[in-house]
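Q: kindly generate the corresponding structure for this input.
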Amino acid sequence: MALAVKEAVDDALAPQANYGNYSVDGHVLAFLVGVIAFSLPIILWLLGRTAVCQFDSISHFYYAPLGGDLFVIMLGFIFFFMVAYRGRNPIENYASGTAGLCALMVALVPTERRGCETGEFKLRLLADVQLTDVDTPLTDVTMGGIDPHFTLFEGAQTVHLGFALTLFLLLALHCLVIFPRVLKQHRVDGKLIASKWWRNAIYYTSGVTILAMIALMGLEKLFQWPWWDRANGMFYAEALALWAFGLSWMVKGRFLGWSFIIDPVDPVLSPGLSDTRAA
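A: Down below sits the predicted model:
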């Protein structure tokens, strides 16, 4: 009986033909990157609606008890997926890998200030607490003196903004230069096939949207609009940029179910058409 069970287990675990030759599927990686980027602002917005405070920016959710965990985890996933992604040339690989690294650094080096306009909120502080008597209750920190406890180290805000800006610029580069590239199989009788035309239209629109949001956030830094924080302007500008980024990568992954962005696959004439690296 025991021998029969052992043989059955061995047969089940025996190597199978054409099984186990694993490779990273670029379609899946591109789609997962897009889904995470697109869903991040939605999840954090919903958390903000149900919590005490709707933060001024997506980065400020780092300090939220639950939102901070999701913020770091999802940016971490984007880092791993973008580093694992492989395109058709070294420039594309370096661009995606560097963008992934920037996403990770945005998560690891938090922004400054509490990012909350209300007087009552629950946040995680970057504060060192020392008590001479463990039975002594902590005193409340006044609003005027709380902001220093949201600084990881001197210059952290500059580092955070630098990586965030680089990330968005690289995402725009993907949308405006890398993804819209036209290969031989994308033309028939000298004309761009319809599916590639539609994909490029989405890529270009996404890239322009990202650059427009970068410009808008830059203008706010220049003019210091008084209504910006009250309206959570930074959050919505970042959300639009992330939605554009997410949509472009989901289109590249071809898993949206939109038939008009799928090339007609002909394994004889265009064996590489189904490859996501063909953009």
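
Q: alpha carbons only for contacts and neighbour counts from here, please
A: Will do.

Q: ranges for the strands of the protein?
A: 187-188, 191-192 (DSSP state E).

Q: lowest average pLDDT across those strands?
A: Of all these, strand 187-188 carries the lowest average pLDDT, namely a mean of 88.

Q: pairing partners for that one, with directions?
A: strand 191-192 (antiparallel) (DSSP bridges).

Q: quick revisit: quick one, which of the strands of the chain is packed in tightest?
A: Of those, the one with the most neighbours on average (mean count of other Cα atoms under 10 Å) is strand 191-192, at a mean of 12.

Q: from the chain's centroid, how far away is it?
A: 32 Å (Cα atoms, centre = their mean, to the nearest Å).

Q: need the residues that contact it.
A: Contacts to strand 191-192, defined as Cα atoms under 8 Å, 6 or more residues apart in numbering, come from residues His186.

Q: what is the burial count for Ala239?
A: 24 (other Cα atoms under 10 Å).

Q: nearest spatial neighbour of it, skipping sequence neighbours?
A: For Ala239, ignoring the flanking residues on the chain, the nearest one in space by Cα to Cα, 6 or more residues apart in numbering is Pro41 at 5.4 Å.

Q: that neighbour and Glu154: what is the separation?
A: Using Cα to Cα, to the nearest Å, one gets 28 Å for the distance from Pro41 to Glu154.

Q: mind checking how far the residue nearest the centre of the chain is from Phe260?
A: The chain has Ala37 as the residue nearest its centroid, 3.7 Å off, counting by Cα atoms, centre = their mean. Per Cα to Cα, Ala37 is found 23 Å from Phe260.

Q: pLDDT weak spots in the chain?
A: Residue ranges of the chain with pLDDT under 70: 1-25, 51-52, 118-149, 152, 265-278.

Q: what comes up buried for the longest helix anywhere in it?
A: Determined from DSSP state H, the single longest helix within the chain is helix 194-223. By neighbour count on 16 or more other Cα atoms under 10 Å, the buried set for helix 194-223 is 195-211, 213-214, 217.

Q: go on, stretch 36-43?
A: Neighbour count says stretch 36-43 has 36-41 buried, by 16+ other Cα under 10 Å.

Q: re earlier: centre of the chain to the longest helix of the chain, how far?
A: On Cα atoms, centre = their mean, the centre of helix 194-223 falls 15 Å from that of its chain.

Q: what do you get for stretch 179-193?
A: The answer for stretch 179-193 is 29 Å, by Cα atoms, centre = their mean.

Q: what is the end-to-end distance of it?
A: Termini of stretch 179-193 sit 15 Å apart (Cα to Cα).

Q: quick one: residues contacting Ile42.
A: Counted by Cα under 8 Å, 6+ apart, Ile42 has zero contacts.

Q: for it, give its distance to Pro110.
A: 20 Å.

Q: ok, the residue nearest to the centre of the chain - contacts?
A: Contact partners of Ala37, counting by Cα under 8 Å, 6+ apart, are 74, 78, 242-243, 245-246.
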